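>>> Sequence and predicted structure, then a few things I'm wondering about:
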Amino acid sequence: MSFSKEQMLAMYDEIVRSRVLGETIIEYIYSGKISGSIHPCVGQEAVTGGIISAMNFSGLNVYCTGTHRGQTLMAHKVGFSPFIGEVLGRTSGACGGVSGEYHLTKVENGLIPATGALGGTWGILDGVAWAIKDQGLTDSTVVLAPYGDGASSEGPTFEAMNIAALLKLPILFFIENNGIAMSTPVSKQFPLADLSERAKGFGMYGITVDGNDVEAVTQAVLDGFARAQKCEPSLVEVKTCRWEGHYIGEDQSIYRDPEIMSMLKDPEKKAKIDPVLIHEAKLRELGYADQAYMDEVHAKMRKEIEEAFDYNLAQGFPDYDTVVDYNRMYSNDAGGEL
């Protein structure tokens, strides 16, 4: 891996922005300003930070879906203020406040709708990748198919990988392995040490990297994009750690390994898997940033996100007719170019 100073600092911006967004969402849920279940991404900032950095550095048009724990990626695609408006259910949201984060979409920006039932999205993204290849757009456009470790074990994911390999689609499959699917640890999900091994069954390249190292994630995604441009589908697995519950307010102690829970309560041990602190140490070692610079980045991101929350909280809620407008929920336009 060899990134410039500017790129390393840009990665830092992304993971700090993600950390601040995640912490603010948690704060607003507990204060009652956000309703419904939100799946926090705190502790997993290197995942979306690496994906976003790779998108920015590659200069490619990337079609993807969001995931229930990929808030920052969705916000990157639709804009942070419109994303926050959607989380708050306001008319200023990217979809007018009717989608929430789960079904957030903006096709013109490359954000494809996700399915409510986990496991079906990779097949949809195969179709997008097929359209890109059919239209001869692979020099500038690829597909990223993100999932969590739990959803990656669903049957349709294997069908999607098989189709992608068979048709040589411009797609990168991406598994965010945070060690636990809702309440099921990885040890009870599959017998493999690395989920990237599954790629071999379809004749695809697969790699597993440290999901707490934004530099490693960025490089793996960039390499995957390069393969996708050559219509060589591949699989990247990133291993990270879920700090919070499946949703805010959940009691993890009833199902989670006590050793992990203890580690997350120990600042010294927690720091070893903290994506923000890990990257800060690199920046200091390289002489790219000091504490004053990093404090400034945190303050900038906090201001940006707090202002977006304040703005959207002042907006109205969608009316009944908007919420039940089926023309907003379903498309009558079958086909068409991307």
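That came in fine, so what should we check first?

>>> T141 bridge partners, please.
N61 (DSSP bridges).

>>> what sits against it?
Contacts for T141 (Cβ atoms under 8 Å, 6 or more residues apart in numbering) come out as 60-63, 132, 170, 338. Just so you know, the C-beta spots here come from the backbone N, C-alpha and C atoms, and that holds for glycine as well.

>>> Provide a list of residues in contact with the most centrally placed residue in the chain.
What sits nearest the mean C-alpha location of the chain, by Cα atoms, centre = their mean, is G70, with 3.1 Å. G70 sits next to 41, 47-48, 146, 176 when contact means Cβ under 8 Å, 6+ apart.

>>> of all the residues you listed, which comes closest to P318?
Distance to P318, by Cβ to Cβ, is smallest for C41 among these, at 25.7 Å.

>>> where does that closest one land in three-state SS?
Here C41 is recorded as coil under DSSP: H, G, I helix; E, B strand; the rest coil.

>>> Tell me if I'm right that it and G66 touch.
No - counting by Cβ atoms under 8 Å, C41 stays clear of G66, with 11.1 Å between them.

>>> about what we covered before: do you know the pLDDT at the residue nearest to the centre of the chain?
Predicted confidence (pLDDT) for G70: 85.

>>> chain center to the lengthiest helix in the chain, what's the gap?
For the chain, the helix that runs over the most residues, judged by DSSP state H, is helix 5-30. Centroid displacement of helix 5-30 relative to its chain, using Cα atoms, centre = their mean, to the nearest Å, is 13 Å.

>>> What's the first helix or strand after it?
helix 45-58 (DSSP states H and E).

>>> Give me the contacts around that next one.
Helix 45-58 is contacted by residues 7, 10-11, 14-16, 18-19, 22, 41, 62, 70-73, 76, 144, 146, 174, 176, 211-222, 225, 238, 240, 275-276, 278-279 when judged by Cβ under 8 Å, 6+ apart.

>>> any idea which element V143 lies in?
V143 belongs to strand 141-148 when assigned by DSSP H and E.

>>> Would you mind writing the CA trace of the next helix or strand after that strand as PDB?
Heading C-terminal from strand 141-148, the first helix or strand you meet, by DSSP H and E, is helix 155-167. Only the C-alpha atoms of helix 155-167 are listed here, as PDB (Å, rounded to 0.1, in the frame of the first residue of the first chain):
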ATOM      1  CA  GLY A 155     -28.700 -19.000  -0.400                       C
ATOM      2  CA  PRO A 156     -29.300 -16.100  -3.000                       C
ATOM      3  CA  THR A 157     -25.800 -14.800  -2.300                       C
ATOM      4  CA  PHE A 158     -24.300 -18.000  -3.700                       C
ATOM      5  CA  GLU A 159     -26.500 -17.900  -6.700                       C
ATOM      6  CA  ALA A 160     -25.500 -14.300  -7.300                       C
ATOM      7  CA  MET A 161     -21.800 -15.100  -7.100                       C
ATOM      8  CA  ASN A 162     -22.300 -18.100  -9.500                       C
ATOM      9  CA  ILE A 163     -24.100 -15.900 -12.000                       C
ATOM     10  CA  ALA A 164     -21.400 -13.100 -11.700                       C
ATOM     11  CA  ALA A 165     -18.600 -15.600 -12.300                       C
ATOM     12  CA  LEU A 166     -20.500 -17.300 -15.200                       C
ATOM     13  CA  LEU A 167     -21.300 -14.000 -17.000                       C
END
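
>>> now the strands: where do they sit in the stretch 101-250 of the chain?
According to DSSP state E, counting those that start in this stretch, the stretch 101-250 of the chain carries its strands in the segments 111-112, 141-148, 171-177, 180-181, 184-185, 205-210, 234-239.
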